[in-house]
Every structure is written in C-alpha cells, then in structure tokens.
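*Asks:* A structural model of the following input is requested.
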Amino acid sequence: QLQLVESGGGLVQPGGSLRLSCAVSGYTLNYYALGWFRQVPGKEREGVSCISASGSSTNYADSVKGRFTIHRDNAKNTLYLQMNSLKPEDTAVYYCAIRGFTDCPSTIRESYFGSWGQGTLVTVSS
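*Replies:* Numbering: from 1, shown residues only. Just a heads-up that it's a prediction; the model follows:
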C-alpha cells in the first residue's frame, strides 16, 4: 500500500532553517518526479518545488528560490526539502506528492501530482 509520510516540521524563528523529509513506502520512486507543496488555511495549495526522477532537474516557486533546496535519495525512497532563511510567510502545512512521470512540469500545479502525504506544519514566528 502506497504511503507518504512527511516529517520535520515545527516552530522556527525567522531566518532559521528546517529540513523536511517525506518517506515513501509501498512504491519504488526511481521512475517518478516528486514535489513539495504548501497550504495555508483558506488558500489554494501552492507548488513549492519539484525534482525529476533522476534528481538531475529541479524547479522552484519564485517565492522560495535561493532559499529552499529539494533533493531525493532513491535508495532510501525519501524526498527532502532543506529550507533556509525562513520567513513568516513560509508558514504553512507542507505536503509531498508523487507525479506519474519522470520529469517536472514547468509550472508546479497540484493537478499534475497525485498520491499525497498527510502534511507537516511549519510555523515561522518569533
């Protein structure tokens, strides 16, 4: 049974860092692109980042470029999101998702992904 479990969220001060993990079981990730999304209550889910199946290609939302880094460990079936220089506006529930293709879409849209985790809350506040 496919399962995605995010972890690593928490409370952090502005300017701080967090690393999110997404452990996947019941599925071999080697052939699929993976993505991170986030959602604030009352707003649509926003695409944050995507990484191709091989890990050779990544893209990011403009709001996180230069601060967030996505990477994957296919041997461990795990996806990561390193978040640095965090801002209060990064506060959200973060989700990982699997895309049914090897490549990332040019725009990271929710409809291009399926199989979601339950999310992990990131709160950036002093």
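*Asks:* contacts, neighbours, all on C-alpha from now
*Replies:* Fine.
*Asks:* name the element the most centrally placed residue in the chain belongs to?
*Replies:* Closest to where the C-alpha atoms of the chain average out (C-alpha atoms, centre = their mean) is Trp36, at 2.1 Å. Trp36 is part of strand 34-39 when elements are defined by DSSP states H and E.
*Asks:* tell me which strands and helices that strand is in contact with?
*Replies:* Counting by 3 or more C-alpha pairs under 8 Å, 6 or more residues apart in numbering; DSSP states H and E, the packing neighbours recorded for strand 34-39 are strand 46-51, strand 92-98.
*Asks:* what separates it from the chain centre, distance-wise?
*Replies:* 4 Å (C-alpha atoms, centre = their mean, to the nearest Å).
*Asks:* how about the strands in the chain?
*Replies:* 3-7, 10-12, 18-25, 34-39, 46-51, 58-60, 68-73, 78-83, 92-98, 114-116, 120-124 (DSSP state E).
*Asks:* ok and the fourth one relative to strand 120-124, angle-wise?
*Replies:* In this case it means strand 34-39. Angle, strand 34-39 to strand 120-124, by axes from the mean of the first three to the mean of the last three C-alpha atoms, to 10 degrees: 60 degrees.
*Asks:* ok, back up a step: got CSV for the helices and strands packed on strand 34-39, with mean pLDDT and distance to Leu121 too?
*Replies:* Putting these into CSV (pLDDT from 0 to 100; distance: least, C-alpha to C-alpha, whole Å) gives the following:
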stretch, mean pLDDT, distance to Leu121
strand 46-51, 98, 14
strand 92-98, 97, 4
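*Asks:* Relative to Thr28, which of those strands is closest?
*Replies:* Thr28 sits nearest to strand 92-98 of all those, at 10.8 Å, using C-alpha to C-alpha.
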